[in-house]
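Novice: Provided below for reference: sequence and predicted model.
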Amino acid sequence: MKNKALFLSILFLFLGCKKQEFDDFDFSYSNTFETDFSIKFSSKNDSIFLYENWAAENKQLPRNKTSYLSTLNEKQRSKLESFMSNIDFKSLDTLYFEKYQDGEYYSFYIRKDKIRKTIKVHSYNAPKSLSNFAHWIYETKKSLKLKETQKSFEFKSKKNYPKLPPAINQESSKQ
């Protein structure tokens, strides 16, 4: 009887221990006419932390310069884990850049096992896995039930936003 109880305890321990898909992960996104936000995903639970830097004029959440908390549902968490486990972040470049002014820009920060990497994208030719993941996060963000908070969060993906090359800065200052 003791052996059976010990075996069941060990079995439940192993079944209950799910491999963590990341140690630290956040994402920043900006597009020309709609939004500029950063989102941090908790590695321990379904919580997300969101900072809306800029949003187009509207009466709905999220509002400019505001922090929020929310949670992912089971389906969203499963999809996040699928992206995290299927994308080989280690083999990806850190910059995918094309010279154009409008459009979208996004940045991933990942710390997983021995990987610590920021991947910046402003290109129509980024790996499909990254663009699919970015668009899934963008769409998921729109569906979250947001609760405003006074907490502030560190977003490593936002710290690494690239500065526009001098030629682009000069062109935009002439307009």
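Specialist: The structure has been received and is ready for your questions.

Novice: which residues of the chain fall in helices?
Specialist: 2-16, 74-86, 128-143, 156-159, 166-174 (DSSP state H).

Novice: rank the ones you listed by mean pLDDT and give me the bottom one.
Specialist: Among the helices of the chain, helix 166-174 carries the lowest mean pLDDT, at a mean of 40.

Novice: distance between the ends of stretch 81-98?
Specialist: 29 Å (CA to CA, to the nearest Å).

Novice: any buried residues in that stretch, and which?
Specialist: Buried residues in stretch 81-98, counted by 16 or more other CB atoms under 10 Å: 81, 83-84, 87, 89, 92, 96. Any C-beta I mention is one placed from the backbone N, CA and C, and that applies to glycine too.

Novice: a markdown table for those, including distance to residue 143?
Specialist: Converted to a markdown table, the buried residues of stretch 81-98 look like this (distance: CB to CB, whole Å):
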| residue | distance to residue 143 |
| --- | --- |
| 81 | 18 |
| 83 | 16 |
| 84 | 19 |
| 87 | 22 |
| 89 | 25 |
| 92 | 27 |
| 96 | 27 |
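
Novice: so which two of those are the farthest from each other?
Specialist: 81 and 96 (23.8 Å; CB to CB).

Novice: closest to residue 30 among the buried residues of stretch 81-98?
Specialist: residue 96 (15.0 Å).

Novice: residues in contact with that closest one?
Specialist: 119-123, 125-127, 130 (CB atoms under 8 Å, 6 or more residues apart in numbering).

Novice: beta partners for it?
Specialist: residue 121 (DSSP bridges).

Novice: and the contacts of residue 96, which are buried?
Specialist: 119-123, 126-127, 130.

Novice: how much space separates the residue nearest the centre of the chain from residue 146?
Specialist: The centroid of the chain falls nearest to residue 27 when counting by CA atoms, centre = their mean (2.9 Å). With the distance defined as CB to CB, to the nearest Å, residue 27 ends up 16 Å from residue 146.

Novice: for residue 102, same thing?
Specialist: 27 Å.

Novice: between those two, which has more neighbouring residues?
Specialist: residue 146 (18 against 7; other CB atoms under 10 Å).

Novice: bridging residues for the residue nearest to the more buried one when sequence neighbours are not counted?
Specialist: Nearest non-adjacent residue to residue 146, counting by CB to CB, 6 or more residues apart in numbering: residue 68, 4.1 Å away. The partner list for residue 68 in beta bridges (DSSP bridges) reads residue 50, residue 148.
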